[in-house]
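**Student:** mind looking at a prediction? Sequence and model below.
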Amino acid sequence: MTISTPTRRGLIAGTAAIAAVLGSSRIAFAQAPAAAPPDGPHRLPLLGYGYAALEPHIDARTMELHSQRHHAAQVANLNRALQGNSAASELPLHELLQRWREMPEAVRGAIRNNAGGHANHSMFWQIMGPGGGGNPPAGPLLDAITRDLGGFDKMKTDFDAAGNGLFGSGWAFITVTREGRLAITSRTGQDNPIMDGLRVLIGNDVWEHAYYLKYQNNRAGYMTAWWNTLNWTAITARYDAARAGTLTV
Ligand code: MN3
């Protein structure tokens, strides 16, 4: 069946909203290309904006595939890995990440990769949005960027260097402490600083699936353009939550 993108997007958003009310993951994925996941505690979050909202910096097709195929598969695989493990299933995602090394050996790798990917992508969708880049940080967050990262421009340069310096797939991050201190770091695969007891302010996905359709092998070009997608209102809320001790993933 061929239907227009806006219609299909509406169906996905609508069914996901119904599923949120009914608590059924099967309904959430009924119209999505990804296979229906096994029942489990984790759900694919809604983007909160359309697939085309971040153009021209990130194209609509990439956003659709990235969220509805790549992220959806990680949620499904995480739920599958947690089947039969009621204790781990009850853990909030950030606690599961902090304790992945304690998981049964048979599912430890799957939990590490898919819980990491679920957290990373959930953060990633949240910190981007339409009209990004036009409302730069101010107040305590800007003060912290100046104090800890040498200012806004140096932050961008050093963050992009961290992402461009990764061999293969991974993420660049800015971590934030309970005291509001910031630091730039990176991880390979779907690992993240939450696994080390830290919290993430922002992160950029430098797996090729995040940029290859539009940028091909030009990771640096993608990373430069990505700053134009950031929703600094959402990021400031994350900063405030980190200092209040309520930031999770
Ligand atoms: Mn990704």
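**Tutor:** Perfect, thanks for sending it.
**Student:** scan this structure for its longest helix.
**Tutor:** Taking DSSP state H as the criterion, the chain has its longest helix at helix 105-127.
**Student:** ok, that one near the ion or not?
**Tutor:** No - Helix 105-127 does not reach the ion (C-beta under 5 Å from the ion); its nearest approach is 5.7 Å. Bear in mind the C-beta positions are built from the backbone N, C-alpha and C, glycine included.
**Student:** can you tell me what sits against the helix or strand following that helix?
**Tutor:** Scanning forward in sequence from helix 105-127 by DSSP states H and E, the next helix or strand is helix 139-149. If you take C-beta atoms under 8 Å, 6 or more residues apart in numbering as the criterion, helix 139-149 is touched by 136-137, 151-152, 155, 158, 174, 180-184, 232, 235-236, 239, 243.
**Student:** buried only: go through the residues you listed for me.
**Tutor:** For these, a burial check counting by 16 or more other C-beta atoms under 10 Å picks out Pro137, Met155, Ile174, Gly180, Leu182, Ile184, Trp232, Ile235, Thr236, Tyr239, Arg243.
**Student:** leaving out the residues flanking it, which one is nearest to the spatially most central residue of the chain?
**Tutor:** Nearest residue to the geometric centre of the chain (C-alpha atoms, centre = their mean): His121, 2.0 Å. Closest residue to His121 apart from its sequence neighbours, by C-beta to C-beta, 6 or more residues apart in numbering: His71 at 4.2 Å.
**Student:** ok, the one you found touching His118?
**Tutor:** Yes - if you go by C-beta atoms under 8 Å, His71 and His118 touch, sitting 7.2 Å apart.
**Student:** higher neighbour count, these two?
**Tutor:** His118 (27 against 23; other C-beta atoms under 10 Å).
**Student:** taking the buried ones among the contacts of helix 139-149 one by one, which sit in helices?
**Tutor:** Per DSSP H, these map to helices at Met155, Trp232, Ile235, Thr236, Tyr239, Arg243.
**Student:** pLDDT weak spots in this structure?
**Tutor:** Low-confidence segments of the chain, defined by pLDDT under 70: 1-38, 133-134.
**Student:** bridged to the closest residue to the ion within it, which residues?
**Tutor:** Residue of the chain nearest the ion, by C-beta to the ion: Asp205 (4.2 Å). Counting by DSSP bridges, Asp205 is bridged to Trp171.
**Student:** in contact with it, which residues?
**Tutor:** If you count contacts by C-beta under 8 Å, 6+ apart, then Asp205 has His66, Asn120, His121, Phe124, Trp171 around it.
**Student:** ranking by neighbours, what's the top pick from the residues you listed?
**Tutor:** Neighbour counts for the contacts of Asp205 (other C-beta under 10 Å) peak at Trp171, which has 29 neighbours.
**Student:** separation between it and Arg187?
**Tutor:** Distance, Trp171 to Arg187, using C-beta to C-beta, to the nearest Å: 6 Å.
**Student:** show me which residues of the chain sit near the ion.
**Tutor:** Asp205, Trp207.
**Student:** what ranges do the strands span in the chain?
**Tutor:** In the chain, the strands defined using DSSP state E lie at 170-176, 182-188, 199-205.
**Student:** distance of the residue nearest to His121 from Gly168?
**Tutor:** 19 Å.
**Student:** again, but for Leu230
**Tutor:** From Leu230 over to Gly168 (counting by C-beta to C-beta), the distance is 24 Å.
**Student:** again with Arg243
**Tutor:** Separation of Arg243 from Gly168 (C-beta to C-beta) stands at 34 Å.
**Student:** with Ile194 instead?
**Tutor:** In terms of C-beta to C-beta, Ile194 sits 21 Å off from Gly168.
**Student:** ditto for Val107
**Tutor:** Val107 is 24 Å from Gly168, by C-beta to C-beta.
**Student:** okay, these two: which has more neighbours?
**Tutor:** With neighbours defined as other C-beta under 10 Å, Val107 and Gly168 compare such that Val107 has more, 19 against 9.
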